[in-house]
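Q: Any chance you could fold what I've pasted below:
(one chain, ligands or ions: 1)
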Amino acid sequence: MEGDMKTMDSEQLREYAHKMVDFIADYYKDIETFPVLSQVQPGYLRELIPDSAPARPDSFQDVLDDIRDKIIPGVTHWQSPEYFAYFPSNSSIAGFLGEMLSAGVNVVGFSWITSPAATELETIVMDWLGKALKLPDAFLSTGHGGGVIQGTASESVLVVLLAARDKILRKVGEDAIRKLVVYISDQTHASMQKACKIGGILPRNIRILETDSSTEYALSPELLTKTISQDIALGLIPLFLCATIGTTSSAAVDPLLALGKIAKSNGLWFHVDAAYAGSACICPEFRPYLDGVEEADSFNMNAHKFFLTNFDCSALWVKERNALIHSLSTKAEYLENKASQENMVVDYKDWQIPLGRRFRSLKLWMVFRLYGLENLQVYIRNRIELARKFEDLVKNDARFEVLSNKYILRFAVGAPLTEERHVFAAWEMLQEKAYALLKRL
Ligand code: PLP
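A: Alright, predicted model coming up:
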């Protein structure tokens with residue numbers, strides 16, 4: 001290939017990668033100077049970027065200039081300390097270095113032989129995280145279960161739904177798919193319904209159980225029992241229950257123990273979605289939220305939300321790994337190898353939708369090693385303390401309610417750079433807006 005930049009050359013990589021790291025470090029240095037929400041209009045980039053790819057190479061400096069002048073204005077700054085929208089999506093130096101290394105070695109570790117370290121590190125580090133969360137031993141790799149890193153919580157819930165579906169259909173016959181029923185609450189993340197759509201569960205067989213403020217929007221065991229009984233009476237087959245620890249819109253916590261017992265006695269697969277809030281449970285004082293997880297068949301938390309691990313890293317554990325493998329394993333002559341055929345190894349391609357997979361465990365491993373569990377606990381506690389401070393500010397202002405049954409303001413504290421001054425500044429801005437609004441009424 002002609003031109004200045006080679007496809008790969010270690011000295012050139014060193015030179016340009018240093019420049020890119022400087023660029024990123026400057027981005028973090030200046031991050032507070034950007035408006036958190038991108039101010040561009042839809043289609044803005046079409047005006048700024050040519051319609052077709054360049055025939056001849058551009059210089060690296062030209063590209064960096066364009067990133068600064070054309071791309072960064074169209075970025076919404078999720079890592080800004082003044083970012084309080086949706087949910088946290090943490091990056092950290094350790095997570096970034098792990099991501100960099102993963103991009104650097106660029107392996108496609110779908111089976112053990114394609115990169116043994118990628119598979120083995122993932123198994124080890126998922127056991128580390130499982131132990132940090134005090135998950136029951138049945139979720140660890142030492143028994144019949146184990147952990148796997150998926151891209152997102154949406155993929156996690158899809159693969160366990162497929163495993164649960166196929167497990168029951170093997171018993172009752174594949175024609176029964178139209179009778180399978182899934183139970184969720186009106187607070188459950190929309191990814192569950194998408195999984196049902198992909199997994200062939202009829203929309204009319206998704207039971208969206210109502211919640212209310214009297215239980216802080218937790219799923220009611222009584223309502224679940226009643227609904228399951230009604231479905232059985234209709235000749236339907238209860239398949240799957242999804243409970244949530246920390247729902248996205250209301251941070252509701254479902255009562256795992258009671259729900260798990262109902263699921264077990266009715267033969268349902270019980271999945272616990274802790275994508276958003278699960279990280280907090282590495283702190284002993286928050287671990288009680290997970291009590292009852294021992295009843296679950298699968299458990300998921302997103303390390304890329306609140307655990308300093310750069311996107312993407314969704315941690316999924318199952319108690320029965322064979323259920324996943326039964327549904328998702330692929331066989332092809334070119335994939336055959338001695339270690340796999342002799343069942344000596346894990347092949348994570350059989351625990352997920354795609355064949356190819358990234359070396360994601362590197363960043364989780366580096367987060368653990370470079371921060372240590374104690375510092376990670378301190379990090380989480382500090383963020384929760386900032387959220388509590390914000391709650392106090394709201395409670396002490398009669399014009400705001402902390403929770404109402406109507407339209408609510410969500411304020412999600414969790415960005416690594418956020419300090420008290422950012423929370424206070426956001427509160428001042430909210431007060432100003434409220435003042436202006438109330439003056440108009
Ligand atoms: N479940 C919960 C509770 C969430 O908060 C989210 C994301 O906000 C998801 C699932 C979906 O996450 P992902 O983007 O990893 O699919």
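
Q: Looks like G246 contacts C281 (just checking).
A: No: using CB atoms under 8 Å, G246 and C281 do not qualify as a contacting pair, with a distance of 9.4 Å. From N, CA and C alone the C-beta is placed, and that goes for glycine too.

Q: Common neighbours of the two, please.
A: Between them, G246 and C281 share these contacting residues under CB atoms under 8 Å, 6 or more residues apart in numbering: A274, Y289.

Q: And the residue of the stretch 1-150 of the chain closest to the ligand?
A: Nearest residue of the stretch 1-150 of the chain to the ligand: F87, at 4.9 Å (CB to the nearest ligand atom).

Q: isn't there a strand covering that residue?
A: No: inclusion of F87 in a strand is not indicated when DSSP: H, G, I helix; E, B strand; the rest coil is applied; the result is coil.

Q: where's it relative to I67, distance?
A: Taking CB to CB, to the nearest Å as the measure, F87 falls 26 Å from I67.

Q: higher neighbour count, the two?
A: Using other CB atoms under 10 Å as the criterion, F87 and I67 rank with F87 on top: 18 against 14.

Q: Can you point out the buried residues in the lengthiest helix in the chain?
A: With residue count as the measure and DSSP state H as the assignment, the chain has helix 361-395 as its longest helix. For helix 361-395, burial by neighbour count (16 or more other CB atoms under 10 Å) applies to 361-368, 371, 376-377, 379-380, 383-384, 386-387, 390, 393-394.

Q: Nearest the geometric middle of this structure, what residue?
A: Against the mean C-alpha coordinate of the chain, by CA atoms, centre = their mean, the closest residue is N302 at 3.2 Å.

Q: For stretch 351-362, what does the pLDDT average out to?
A: Throughout stretch 351-362, pLDDT has a mean value of 97.

Q: which other residues reach that stretch?
A: Outside stretch 351-362, the residues that touch it by CB under 8 Å, 6+ apart are 98-99, 101-102, 105, 107-110, 115, 117-118, 121-122, 124-126, 148-150, 155, 158-159, 312-313, 321, 324-325, 328, 330, 348-349.

Q: Mark which of the residues you listed are buried, thanks.
A: Buried residues within the contacts of stretch 351-362, counting neighbours by 16+ other CB under 10 Å: 98-99, 102, 109-110, 115, 118, 121-122, 125-126, 148-150, 155, 158-159, 312-313, 321, 324-325, 328, 348-349.

Q: Residues of this protein that sit close to the ligand?
A: With CB under 6 Å from any ligand atom as the criterion, the chain meets the ligand at residues 87, 152-154, 189, 191, 244, 247-248, 273, 275-276, 302, 314.

Q: want to throw those into a markdown table with pLDDT?
A: Rendered in a markdown table, the data for these read as follows (pLDDT from 0 to 100):
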| residue | pLDDT |
| --- | --- |
| F87 | 91 |
| T152 | 98 |
| A153 | 98 |
| S154 | 98 |
| H189 | 97 |
| S191 | 98 |
| T244 | 98 |
| T247 | 95 |
| T248 | 92 |
| D273 | 98 |
| A275 | 97 |
| Y276 | 95 |
| N302 | 98 |
| S314 | 98 |
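
Q: Tabulate those residues (a markdown table), appending secondary structure.
A: Output for the residues of the chain next to the ligand, formatted as a markdown table (three-state DSSP):
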| residue | secondary structure |
| --- | --- |
| F87 | coil |
| T152 | coil |
| A153 | helix |
| S154 | helix |
| H189 | coil |
| S191 | helix |
| T244 | strand |
| T247 | coil |
| T248 | coil |
| D273 | strand |
| A275 | coil |
| Y276 | coil |
| N302 | strand |
| S314 | strand |
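
Q: Specify which member of those residues is nearest to A164.
A: Checking the residues of the chain next to the ligand against A164 with CB to CB, the nearest one is D273 at 13.9 Å.

Q: Not counting its neighbours along the chain, what's nearest the closest one?
A: Leaving aside its sequence neighbours, D273 sits nearest to T244 (CB to CB, 6 or more residues apart in numbering; 4.7 Å).

Q: The one you found and M100: what is the separation?
A: Counting by CB to CB, the gap from T244 to M100 is 33 Å.

Q: what do you get for W365?
A: Between W365 and M100 the distance, using CB to CB, works out to 14 Å.

Q: which residues does A118 contact?
A: Listed by CB under 8 Å, 6+ apart, the contact partners of A118 are V107, G109, R357, F359, S361.

Q: what's the helix or strand for it?
A: Element membership of A118, judged by DSSP states H and E, is helix 116-132.

Q: What's the mean pLDDT across the helix or strand just after that helix?
A: Past helix 116-132, further along toward the C-terminus, the next helix or strand under DSSP H and E is strand 146-150. The predicted model gives strand 146-150 an average pLDDT of 98.

Q: Could you do stretch 429-438 as well?
A: The average pLDDT for stretch 429-438 rounds to 86.

Q: Could you list the buried residues of it?
A: Neighbour count says stretch 429-438 has L430 buried, by 16+ other CB under 10 Å.

Q: Checking my notes, A339 in a helix, right?
A: Yes: if the criterion is three-state DSSP, then A339 is within a helix.

Q: Could you double-check that it lies in contact with V345?
A: Yes: between A339 and V345 there is a contact under CB under 8 Å: 4.6 Å.

Q: Touching both of those two, which residues are there?
A: Counting by CB under 8 Å, 6+ apart, the contacts common to A339 and V345 are W112, I113.

Q: Which stretches in the stretch 151-300 of the chain count as helices?
A: With DSSP state H, counting those that start in this stretch applied, the stretch 151-300 of the chain shows helices at 153-172, 191-199, 221-233, 256-265, listed in chain order.

Q: wouldn't S220 be in contact with K226 here?
A: No: using CB under 8 Å as the test, S220 is too far from K226 to be in contact (9.0 Å).

Q: Comparing the two, which residue is more hemmed in?
A: More neighbours sit around S220 than around the other of S220 and K226, counting by other CB under 10 Å; the figures are 20 against 12.

Q: Tell me which residues touch the more buried one, please.
A: Counting by CB under 8 Å, 6+ apart, S220 makes contact with L209, T211.

Q: try 10 Å this time
A: Taking CB atoms under 10 Å, 6 or more residues apart in numbering as the criterion, S220 is in contact with S185, L209, E210, T211, D212, S214, K226, T227, D254, P255, A258, L259.
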